[in-house]
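> the sequence isn't on hand, but the structure is:
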């Protein structure tokens, strides 16, 4: 704003004090013209910079919203997954206990099977010996 006032004052003084032909050739007029051109160029660059800034600010705002949504979603997913992990850990613990119970039951059943097999083998040997005696007795009676 101060630059505009300065340039305006210089131009006014130059126009008042110098005839129109002298303005074209006057070094002061050339400097004033160069300052006016520079001012226009600076204002144009400022507008362009403002436009770029606004576009970048909008990009940052959208990116920030996207990241906030992703963070919120990630936190929700994390909580859900932690709950699922806790549930599955409990299930794994219960199943591990069940496996231990079944392993003990299988070991007990295998012991019982071995004892029963031994008893049957002994009973079969006794039966075979008795049968042999009976067959011999029957053969003698005949």
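Structure received. What you are looking at is a predicted structure, and each value in this text was computed from that prediction instead of being measured.
> elements contacting the helix or strand residue 132 falls within?
For residue 132, the element it lies in under DSSP states H and E is helix 27-141. Contact partners of helix 27-141 among helices and strands, from 3 or more CB pairs under 8 Å, 6 or more residues apart in numbering; DSSP states H and E: helix 2-17. In short, each C-beta sits where N, CA and C put it, glycine included.
> if we use 10 Å, what do you get?
Helices and strands touching helix 27-141, by 3 or more CB pairs under 10 Å, 6 or more residues apart in numbering; DSSP states H and E, are helix 2-17, helix 20-25.
> from residue 67, how far out is the residue nearest the centre of the chain?
When CA atoms, centre = their mean is applied to the chain, the residue found nearest the centroid is residue 74 (6.1 Å). When distances are taken as CB to CB, to the nearest Å, residue 74 and residue 67 turn out to be 10 Å apart.
> now the weakest link among the helices and strands packed on helix 27-141, please, by mean pLDDT.
Out of these, helix 20-25 stands lowest, with a mean of 52 (criterion: mean pLDDT).
> what does the model give residue 110 for pLDDT?
With respect to pLDDT, residue 110 scores 95.
> what residues are up against it?
Residues in contact with residue 110 (CB atoms under 10 Å, 6 or more residues apart in numbering): none are found.
> so how far is residue 50 from it?
Look at residue 110 and residue 50: by CB to CB, they are 86 Å apart.
> repeat that for residue 106.
Distance of residue 106 to residue 50, given as CB to CB: 81 Å.
> and if you look at residue 88?
Residue 88 sits at a distance of 56 Å from residue 50 (criterion: CB to CB).
> what of residue 38?
For residue 38, the distance to residue 50 under the criterion CB to CB works out to 18 Å.
> got it, and residue 81?
For residue 81, the distance to residue 50 - CB to CB - is 46 Å.
> how far away is residue 26 from residue 32?
Distance of residue 26 to residue 32, given as CB to CB: 9 Å.
> who has more neighbours, the two?
In this view residue 26 and residue 32 are compared by other CB atoms under 10 Å, and residue 32 has more residues nearby, 20 against 16.
> residue 122 versus the more buried one, what's the distance?
130 Å.
> next one, pLDDT for residue 141 please.
Here the pLDDT value assigned to residue 141 is 88.
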